[in-house]
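[1] below is the sequence, then the predicted model.
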Amino acid sequence: MNGIHDLGGMHGLGPVVREENEPVFREEWERHVFAVLNLTLAAGQYNVDELRHAIERMDPARYLQTSYYEHWLHAAEDLLDAKGVVTREELLRRAAEITQRSSAAASGTSHSQVSGAPSGSRAPGAGRLPSE
Amino acid sequence: MPALPRDQVRGAVRAGASARAEVPTAPIFKAGERVIARNIHPIGHTRLPRYVRGKHGIVQRHHGGFVFADTRAHGLGDQPQHLYSVRFEARELWGEGAIERNALYLDLWESYLEPEGSS
């Protein structure tokens, strides 16, 4: 498809900025996205070409404003929903649960630390409404 | 799609899984041959960049057979094809303002290419 991902030859995007000793993961949620992607690939839920195409189908404006791991997260959500592994409804429900428990923990009323919940910030793709 | 067997996980994580595959037919192109990247605009997945479509290049080498991303992305199977490294001059791609000695090498599947002079 002639999508936003095909940037070759486009002007105005600025220089490629290279960071010395760039960390593999900047945030804890990125580590989880990396694991989910690789495990679902190894489990045969989808292949790398389906993954790339799912990223290409992102909303163009959103594609340009989001990071590499957000692209991966979008693809995992999109493909697992399409294949009926994790539906959009299940994802939204789980994201709401985590948000609720995280805010409860933050206000000191929690009984346990939520494992797997991004500390402080929510994973950017989780809980997106289907219409977004 | 089959899951990766447990005993192959370690190897796949370390080295990646190979996309090489046997192609039943002989390669159409050979090194040194002039080709044109097809001017196609598929609505699905493709690994043929827009900026090279319709451009002339020279086959540098034949890589062998590889599973075809454009069909695999849509559940249409591996359908392996011959893959070639094709050299495109910078001026062919970007016009006379490009630096003369610059060139770009793209790995392209056989169905992305046609022989020069065929169209």
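    Looks like it came in fine.

[2] what mean pLDDT does the strand or helix carrying A:Trp72 have?
    Assigned by DSSP states H and E, A:Trp72 belongs to helix A:68-82. Mean pLDDT, helix A:68-82: 96.

[3] quick check: the most centrally placed residue in chain A vs B:Glu96, distance?
    When CA atoms, centre = their mean is applied to chain A, the residue found nearest the centroid is A:Leu73 (2.2 Å). According to CB to CB, to the nearest Å, A:Leu73 and B:Glu96 sit 43 Å apart. Using the backbone N, CA and C atoms, a C-beta is placed for each residue, glycine as well.

[4] again with B:Gly44
    For B:Gly44, the distance to B:Glu96 - CB to CB - is 34 Å.

[5] neighbour count for these two, which is higher?
    Set B:Gly44 next to B:Glu96 and count neighbours by other CB atoms under 10 Å in any protein chain shown: B:Gly44 wins out with 12 against 6.

[6] show the contacting residues for the closest residue to that one other than its chain neighbours.
    Leaving out its chain neighbours, the residue that sits closest to B:Gly44 by CB to CB, 6 or more residues apart in numbering or on different chains is B:His74, at 5.5 Å. Contacts for B:His74 (CB atoms under 8 Å, 6 or more residues apart in numbering or on different chains) come out as A:Glu50, A:His53, B:Gly44, B:His45.

[7] got it, and A:Tyr63?
    Taking CB under 8 Å, 6+ apart as the test, what A:Tyr63 contacts is A:Ile4, A:His5, A:Ile55, A:His71.

[8] regarding it, what is its secondary structure?
    helix (DSSP: H, G, I helix; E, B strand; the rest coil).

[9] and the pLDDT for it?
    In this prediction, A:Tyr63 carries a pLDDT score of 97.

[10] how about A:Ala126?
    Reported pLDDT for A:Ala126: 50.

[11] now A:Ser115
    On the pLDDT scale, A:Ser115 gets 49.

[12] which strands and helices sit next to the longest helix anywhere in chain A?
    Ranked by residue count under DSSP state H, the longest helix found in chain A is helix A:88-106. Contacts defined by 3 or more CB pairs under 8 Å, 6 or more residues apart in numbering or on different chains; DSSP states H and E place helix A:88-106 against helix A:68-82.

[13] show me how far the helix it packs on is from its chain's centre.
    6 Å (CA atoms, centre = their mean, to the nearest Å).

[14] do that helix and chain B meet?
    No: shown here: helix A:68-82 not in contact with chain B (CB under 8 Å from any CB of the partner chain), separated by at least 10.5 Å.

[15] could you list the buried residues of that helix?
    Buried residues in helix A:68-82, counted by 16 or more other CB atoms under 10 Å in any protein chain shown: A:69-81.

[16] closest one to B:Pro24 out of the residues you listed, please.
    Within the buried residues of helix A:68-82, the smallest distance to B:Pro24 is 30.5 Å, found for A:Leu79 (CB to CB).
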